[in-house]
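Chemist: with the sequence up front, the predicted model follows.
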Amino acid sequence: MTLRQPADTAALDKAHLWHPFTQHRDWNAPEHEPLVLVSGEGALLRDSEGREYIDGNSSIWTNLHGHRHPKIDAAIRAQLDRVAHTSFLGFTHPLAAELARELVALWPSDSLTRVFFSDDGSTAIEVALKMAAQFWQQTGHPERTRFVAFSGAYHGDTMGASSLGGMATFHGRFSAWQFPAEHVASLEELRSLDAGTIAAIVIEPLIQGAAGMRLWPRGMLGELRRWCDAHGVLLILDEVMTGFGRTGRMFACEHENVTPDLIALAKGLTGGYLPLAATLTTERVFNAFLGGPERTLYYGHSYTANPLGCAAALASLAIFRDEHVLAQLAPKIDLLARLLADVRRQPPVAEVRQCGFIAGIELRPAGDPMLGGKVCLVARRHGLLTRPIRDTIVLMPPYCITEAQLRAAVGAVMSAIREVCGA
């Protein structure tokens, strides 16, 4: 296949494409030149003009080990020589079974023992909600119908997942078609609710992503687990962003020794290569679905457990083991903390929040709703690609980033802030 010239790609894009979270009045403006990405290697991406950029948000929080990692590339090519896709409805295949075993092995023995594969973070949450609702129906507690999430939450954009969302920007206009979920801002508010009719609590552990990388108080997750245990409520963790090493441990909940009843995993599951998600749960939940056809979980997707995605995920988990990824990541987390200390001192910066290899740099309000976007656009000229959450600049690079590249990434943010904000 011959690659098109950048101008041809841009023209075709503006004529036919609809990008997510994008105002196309601005995108399709004649003066706007879309950045055309054509290749990558390690922590770098290249555009159609041959310019290199540090992938500062891991291609929307998905890429763990870098672009074109030879082990993941080889695993996908090897699977292509066998079969690209087979149905998982009424069939199975070796890689799905092996991946399920490896995912279960990441948790304490006899805790999360069952794996349901889907496509992305939203669907991983969707299936967790349906499992929880049907679990209570089939265990003699039909009164447990309520779901509780937290203010500022983001759990996806499908209707069930978006019902949990706590941000009107993303979900408000669709509220008439969502199921009624309740939102609390803290554990104190949660304690005021009637726990006897709650099916499950859903939370992003340690840090809320789309809320602007907002950190939860230390110890909050452990306390929430104890509250759920005391009231018989299921705990669903959304580790779509934080899973697979982002916080410095394999899963964020490990920092507080918490094991959930259900957990949603996606984004980094395949190392950022292919869409694949997993919802893990306990034998207790699984057993409630055994019996006649009426007890079946009627939920699934055409590409559930697709073999190429499973091959990529198995290769990614092997990289964690073989390349000692978490041990190698620890000094980079420390370096990022030191570099962010300089960013905190910049007058336009209101707050810097870090959780492992996740950073959010919040700018002071300046009456400009596009301030964060302008900073990210200027950062491109300094060799960094990232995307803001309103006025919070996100840094979440691949784990393979070198120390020199990490310094350059933070330096690009600082230079862009000074240029845009006049500091």
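Modeler: Noted; the coordinates are in hand. Residues are numbered from 1 along each chain as shown.

Chemist: spit out the contact partners of residue 10.
Modeler: By C-beta atoms under 8 Å, 6 or more residues apart in numbering, residue 10 lies in contact with 33, 34, 36. From N, CA and C alone the C-beta is placed, and that goes for glycine too.

Chemist: pLDDT score assigned to it?
Modeler: Reported pLDDT at residue 10 in the predicted model: 94.

Chemist: I'd like the numbering to begin with 9 instead of 1 from here.
Modeler: With 9 as the first residue, the last one maps to residue 18.

Chemist: nearest to residue 429 among the contacts of residue 18?
Modeler: Closest approach to residue 429 among these (C-beta to C-beta): residue 41, at 24.0 Å.

Chemist: how close does the closest one sit to residue 56?
Modeler: Noted for residue 41: a distance of 10 Å to residue 56, by C-beta to C-beta, to the nearest Å.

Chemist: these two: who's more crowded?
Modeler: residue 56 (18 against 10; other C-beta atoms under 10 Å).

Chemist: give me the below-cutoff pLDDT ranges for the stretch 59-208 of the chain.
Modeler: By pLDDT under 70, the stretch 59-208 of the chain has no low-scoring segment.

Chemist: list the contacts of the helix or strand where residue 108 lies.
Modeler: In the assignment (DSSP states H and E), residue 108 maps to helix 102-113. The contact list for helix 102-113, computed with C-beta under 8 Å, 6+ apart, reads 87, 96, 120-123, 125, 273, 286, 288, 313, 315, 318-319, 321-322, 325.

Chemist: at 7 Å what do you get?
Modeler: 96, 120-121, 123, 125, 286, 288, 313, 315, 318-319, 321-322, 325 (C-beta atoms under 7 Å, 6 or more residues apart in numbering).

Chemist: ok, for the residue most central in space within the chain, nearest residue in space, not its chain neighbours?
Modeler: By C-alpha atoms, centre = their mean, the chain has its centre lying nearest to residue 249, at 2.6 Å. Nearest residue to residue 249 in three dimensions, chain neighbours excluded: residue 217, at 4.5 Å (C-beta to C-beta, 6 or more residues apart in numbering).

Chemist: from residue 361, how far off is the one you found?
Modeler: 11 Å.

Chemist: do residue 230 as well
Modeler: From residue 230 over to residue 361 (counting by C-beta to C-beta), the distance is 20 Å.

Chemist: same check on residue 139?
Modeler: Counting by C-beta to C-beta, the separation of residue 139 from residue 361 is 32 Å.

Chemist: same check on residue 385?
Modeler: 22 Å.

Chemist: next: residue 255.
Modeler: 13 Å.

Chemist: so these two - more neighbours on which side?
Modeler: Ranked by neighbour count (other C-beta under 10 Å), residue 255 and residue 361 place residue 255 first, with 25 against 16.

Chemist: which residues does the more buried one contact?
Modeler: 214, 263, 363, 364, 366.

Chemist: residues contacting the second one?
Modeler: Taking C-beta under 7 Å, 6+ apart as the definition of contact, the neighbours of residue 263 are 214, 255, 257.

Chemist: what residues of the helix or strand hosting residue 412 count as buried?
Modeler: Assigned by DSSP H and E, residue 412 belongs to helix 411-429. Neighbour-count burial for helix 411-429 flags 413-414, 416-425, 428-429 (criterion: 16 or more other C-beta atoms under 10 Å).

Chemist: likewise for stretch 313-327?
Modeler: Buried, per 16+ other C-beta under 10 Å, within stretch 313-327: 313-325, 327.
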